[in-house]
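Asker: Provide a 3D model corresponding to the input given below.
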Amino acid sequence: MRRRWPQITTIVLGVLVVALVVATGVLGVRTWQGKNEADERAKAMQAARQMGVNLMSLNHETAQKDLDRIVAGTTGELKNKLSTQSKQLLDQLSKTQAKSAVDQVEAGVVSIDDDSAEVMVSLNGTVTNPKVKEGAARAYRYLMDLTRVDDRWLVSELEVVP
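Answerer: Numbers count the residues shown, from 1 in each chain. Next up is the predicted model:
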């Protein structure tokens, strides 16, 4: 009987070691997945913030470059729409001689999954033109739908919200 105790102890300790290794592996995978999800949330939010800044950082003197930067951050129907309306947008900026700059940007993820996200972006900025030389404060809020294309988050829909 005494000889069986070392064998039973060895078996029990072996089972405990295997259980600890499995538990450590499971916790490691869950931690990695949580970090990956947090990274994707941060990337989607940053892409939406940047789009908001791009939308409000316009200058009639650099209008084509500004519009190209906006279009580069979009995909799908929104990209097509902006591309086909680019001449009208450029003409409007040239006509009004407008310049706008961002003072403050806030963003929050509304929802996210593997390949899509919805992000609310709030911006405060100043718009100037020859009629309003000192500038007029403006506040905008956008609800943006983003789609992951390869490893980039691009805006696929954009809605101005009150």
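Asker: What is the burial count for Leu58?
Answerer: For Leu58, the neighbour count with other Cβ atoms under 10 Å is 21. Where C-beta positions appear, they are placed from N, C-alpha and C, glycine not excepted.
Asker: and the gap between it and Leu67?
Answerer: Noted for Leu58: a distance of 8 Å to Leu67, by Cβ to Cβ, to the nearest Å.
Asker: got it, and Lys43?
Answerer: 24 Å.
Asker: between the two, which one's more packed in?
Answerer: Per other Cβ under 10 Å, whichever of Lys43 and Leu67 has more neighbours is Leu67, with 20 against 17.
Asker: ok, now which ones touch that one?
Answerer: Applying Cβ atoms under 8 Å, 6 or more residues apart in numbering, one finds that Leu67 lies in contact with Leu82, Ser86, Leu89, Leu90.
Asker: I'd like the next helix or strand past the helix of greatest length in the chain.
Answerer: The longest helix of the chain (DSSP state H) is helix 4-56. Using DSSP states H and E, the next helix or strand after helix 4-56 towards the C-terminus is helix 63-72.
Asker: quick one: that next one to helix 4-56, angle?
Answerer: 150 degrees (axes from the mean of the first three to the mean of the last three Cα atoms, to 10 degrees).
Asker: which of the residues in whichever helix or strand comes after helix 63-72 are buried?
Answerer: Where DSSP H and E defines the elements, the next helix or strand beyond helix 63-72 is helix 76-84. For helix 76-84, the neighbour count (16 or more other Cβ atoms under 10 Å) marks Leu78, Lys79, Leu82 as buried.
Asker: At the geometric centre of the chain, which residue sits there?
Answerer: Central residue of the chain (Cα atoms, centre = their mean): Ala44, 2.1 Å from the mean position.
Asker: Need the per-residue pLDDT for that residue.
Answerer: Here the pLDDT value assigned to Ala44 is 96.
Asker: what's the closest non-adjacent residue to it?
Answerer: Ala117 (4.0 Å; Cβ to Cβ, 6 or more residues apart in numbering).
Asker: helices and strands of this structure: which one bottoms out on pLDDT?
Answerer: helix 4-56 (a mean of 82; mean pLDDT, DSSP states H and E).
Asker: helices and strands around the longest helix of the chain, which ones?
Answerer: Identification of packing neighbours for helix 4-56 by 3 or more Cβ pairs under 8 Å, 6 or more residues apart in numbering; DSSP states H and E yields helix 63-72, strand 99-112, strand 116-129, strand 132-149, strand 152-160.
Asker: closest one to Ala38 among the ones you listed?
Answerer: Closest to Ala38 of the helices and strands packed on helix 4-56 is strand 99-112 (Cβ to Cβ; 10.4 Å).
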